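K.L.:
Below is the sequence, then the predicted model.
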Amino acid sequence: MTQHKLAAIMFSDIVDYDSLLKEDEKKAFEILRKNQRINKRLIRKFKGRWLKDMESGTLASFSSIIDAVTCALAIQKVTIELNIPVRIGIHQGEVIFEKKDVLGDGVNIASRIHSLIDTHDIVISDTVYKDIRNKEGLLIESLGSQTLKGVESPVGIYSVSCRDESVLDFTIDTGELVRPLSFKRSSIIIGIIVIALMSFAIYYFIPKSTSSSEFKKRVLILPPENYLGTDTLDYLFAGMHDLLIGDMGKIGALNVISRTSAVAFKKEGKSMSEMASEYNIDYIVEYSVLCYDDSVCTQFKVYDEKENELSVQDFSVEKSQILSLYNNVTKDIADRINITLTPQQEKLLSEARTVDLEAYDDYMKGYQYIGDYSLESLNKAKEYYISAIKKDPNWAPLYAGLAGVWLGLQHLGYESPSVATPNIYENLNKALELDPDLSDVHVYNASIAHWMEWDWEKSEKEFIKALAINPNDAVSRIWYAQLLGTLQRPEEAKMQGQLAFELDPLNPLIKCWYGALLVAVGDCETALALAEEVVADDPDHALANGVIYWAAFSCEDYDKVIKSQKYWLQMDGGEQFNEDTYMEIERIYNEQGFSAAYREVMKQYEEFTNYSSNHPVVMANMYVKANQLDKAMVLLEKGFELHDPQMIYITVYPFDPLFDNPRFIDIVEKMNLPFP
C-alpha cells in the first residue's frame, strides 16, 4: 500500500559509530541499544512514527513540525547528559510511505543535512524553519544555503537549540528513558551486575564476528557415501554425519555448515567447485563408510574450493569405540587445513568412551525421529532413548535426547506440563551430572529458562555456555538471537541470527526462525522473502505461513495478510471453516478496509471451539489487528496467568497500540521484560 503525504522527517545517528565499533565493540553495542531506546520512547512521546533503524541511525516521521523539533530537542538533551554523540536532521516535504518504509526527497534531504553538522547539533531545512521561526523557547541560527547531492536546488539550513524548556513544555526523566521499566531498585542493581557479567562472557567467549567472512575457514562436510550395499542403515549414516559435524563445530576457528544444508547442497547435484563458489566455502570433506560390522571403516577426503584433493585418510575402529572416531577425524582434518586447536578444544576432542553397541543403535534410531515433531515420531524417539538408557545408563547424550523429547511433547501441547516438566528436569540434570560439557544440555536449559521460566539472565548464561562449547550450532544461535530480540537488543540479535543463517542457509526451519527474528527487529521485507521461499517449496509449511502473516502485517502489505488469513482460518478452524465466510471477509476488506475485515475474522475465531482459551496470546494479537484492544488485554492477562510461552514475545509482536496501556505495562513489569 503506497501513500503520498506531507510529513516532517527526522533522521538521527551516532557520530563516527563505525570507528567506535572497531575500538570497543561492547561499548558500541551498549551505546547503540541505549540510543535506540531513547529514540523510540521519545518518538512515541511526541506523537511520531518510528520507521526503522538505519545502521547507527533512526528514521522517524511526524505529522507536526513542532512535535518533530521538540522530540529532537528532547533527544539532544538526554544524549548530551549520557555522552552519546548524536546529531539530528529534520526536513518537511512530500514523502512516499510504502509498506513500512518511507521514500522521497523528504528523506534524502533530512539525511543529507544532518551530516553537515557537529556532534549534539540539530539542523533543520528552510521548510521547517518557516513553520517554527516565531516559536518561543527556540534559538535558531542560519547556516546558509547548501548544495546537497541528489537535490536540484540549494537548501537553506538552520541550527536549532532550546532557549527555554518551560515554554516548549517537555519534561524528561533520563533515568526512565534508559531503563527497560521502573523496576525496584534492588532488581536494577542485580540486573546491572548480571548484565555486566553476561557482557564480559559474551565479549571474551563467544565469537564476535558479524559474518562468516571473519572465520578463517568455512567447511562443508558432505553426507557419507554408503558402500555397504544396503539402505537399512541410512538412519545410522545420517546420525554419524550429524555427530561428526557436531564435533567439528567445537572448533571456533571453523564455520561448519549444518547437516540439513549439507544434505541439500548434495541433492542440488552441483560440483564441489560450484558449491564452494556459490556458498563461499573454503574446504569440502567427502567421506565414505566402507565397513560396519565388528569394526567401522571410513575414508575421508579433503578438497579445497577449486576441487583440488588435499588429503585422503582411512580410519578404522572397533564399533564400541565409534565415538573416538569422530574425535580423531576432527583433529586430523583440523591439522590438514592448518587449524591449531585451543587447550579447551583439545580437551573436548580427547574425551571419548566405550559405548554399548545396542544402546548406540537405539540412540541413532531415536535421533532420526526427534526432529519430526509429530506425536508419533516423538513417542518413537522416547521409546528408543528409554531402551538405550537401560542398556547404557551412564551415557549423557541419551538423557539430553530424552529431555528434548519431553520438551517437544510439552511445547507442542501433546503432554501436560504437570507430566512433562518433571521428566524434562530429571533428564537434563542427569545429563549435566554425567557430562557438564555437553552443549545440548545447556541449549535445553537456556530454552526452558526463556520459554517456560521467563528467567532472562539464566537463559543468556546457558546460551553462552552452549555456544562456548559449540559455536557452530545454528539452532543455538537462532534461539539465542530470539532471546536477544526479546531483550530489545536488536543489533546483537541480528548478528547472531545472521550467523545461524550462514551456518544452515538451506534449512527451512532456520529460514523461518531467522525471518521471525528479522520482523521483530524491523526488517519485514527480508523476512517475507525468506518465508515465501520456504512456502514455494512447501505450501503447507505452518511456520513459514506464520512468518508471512506476521511480516506482511509489519510491512503493511494488508493484501497478503488477508490472503494469508485464509490459510490460518482453514488450519485453526478445521471442519468449522467455511469458504463462503472467507469470501465475505475479502468483500469487507475491499469495501471497508482492514480493521473492518479483521472484526469479521474475529467473529469466525470466536466460533471455533476452545480456540480462544487455548491460544490467548495469538488471539490477543488478532484482536489488536481488529482494533479491539480491551478484548486483547483480557486475553493477555489470561496468557500471563496461564504462563503461556507465547507471552515472551509481547514486546516484539505488533502490540504497539497497547504499549501505553497501564494493564499492559503491569504485565511487562511482572515479567521483567525490557520495554521497546
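P.N.:
Received it, and whenever you're ready, just let me know what you need. Numbers count the residues shown, from 1 in each chain.

K.L.:
Would you tell me what the next helix or strand after the lowest-mean-pLDDT helix or strand in the chain is?
P.N.:
Least confident element among the helices and strands of the chain, by mean pLDDT, DSSP states H and E: helix 185-205 (a mean of 37). For helix 185-205, the following helix or strand on the C-terminal side (DSSP states H and E) is strand 217-221.

K.L.:
relative to its centroid, which residue of this protein is most remote?
P.N.:
residue 134 (47.0 Å; Cα atoms, centre = their mean).

K.L.:
now that one, what's its secondary structure?
P.N.:
Using DSSP: H, G, I helix; E, B strand; the rest coil, the structure places residue 134 in coil.

K.L.:
residue ranges with poor pLDDT in the stretch 351-500 of the chain?
P.N.:
Within the stretch 351-500 of the chain, the segments meeting pLDDT under 70 span 351-352, 371-373, 412-413.

K.L.:
What score does the residue farthest from the centre of the chain have for pLDDT?
P.N.:
pLDDT for residue 134: 84.

K.L.:
From residue 66, how far off is it?
P.N.:
Distance of residue 134 to residue 66, given as Cβ to Cβ, to the nearest Å: 11 Å. Quick note: C-beta positions are derived from backbone N, CA and C, even for glycine.

K.L.:
now swap in residue 650 and tell me
P.N.:
33 Å.

K.L.:
So for the two, which residue has more residues nearby?
P.N.:
Higher neighbour count among residue 650 and residue 66: residue 650, with 23 against 16, using other Cβ atoms under 10 Å.

K.L.:
just checking, that one touches residue 667?
P.N.:
Yes - between residue 650 and residue 667 there is a contact under Cβ atoms under 8 Å: 7.2 Å.

K.L.:
Mind telling me what element the spatially most central residue of the chain is part of?
P.N.:
Closest residue to the average C-alpha location of the chain: residue 517 at 3.3 Å, with Cα atoms, centre = their mean. Here residue 517, judged by DSSP H and E, is contained in helix 508-520.

K.L.:
Tell me which helix or strand comes right after that helix.
P.N.:
helix 524-537.

K.L.:
by contact count, what packs against that following helix?
P.N.:
In terms of contacts (3 or more Cβ pairs under 8 Å, 6 or more residues apart in numbering; DSSP states H and E), helix 524-537 is packed against helix 508-520, helix 542-554.

K.L.:
got the CA positions of the first one in PDB?
P.N.:
Spelled out, it's helix 508-520. Taking C-alpha atoms only, helix 508-520 is exported to PDB below (Å, rounded to 0.1, in the frame of the first residue of the first chain):
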ATOM      1  CA  PRO A 508      13.600 -24.200   6.200                       C
ATOM      2  CA  LEU A 509      13.300 -24.000  10.000                       C
ATOM      3  CA  ILE A 510      16.300 -21.800  10.300                       C
ATOM      4  CA  LYS A 511      15.000 -19.600   7.400                       C
ATOM      5  CA  CYS A 512      11.700 -19.200   9.300                       C
ATOM      6  CA  TRP A 513      13.200 -18.600  12.700                       C
ATOM      7  CA  TYR A 514      15.600 -16.000  11.100                       C
ATOM      8  CA  GLY A 515      12.600 -14.500   9.300                       C
ATOM      9  CA  ALA A 516      10.600 -14.200  12.600                       C
ATOM     10  CA  LEU A 517      13.700 -12.500  14.200                       C
ATOM     11  CA  LEU A 518      14.000 -10.000  11.300                       C
ATOM     12  CA  VAL A 519      10.400  -9.000  11.700                       C
ATOM     13  CA  ALA A 520      11.000  -8.400  15.400                       C
END
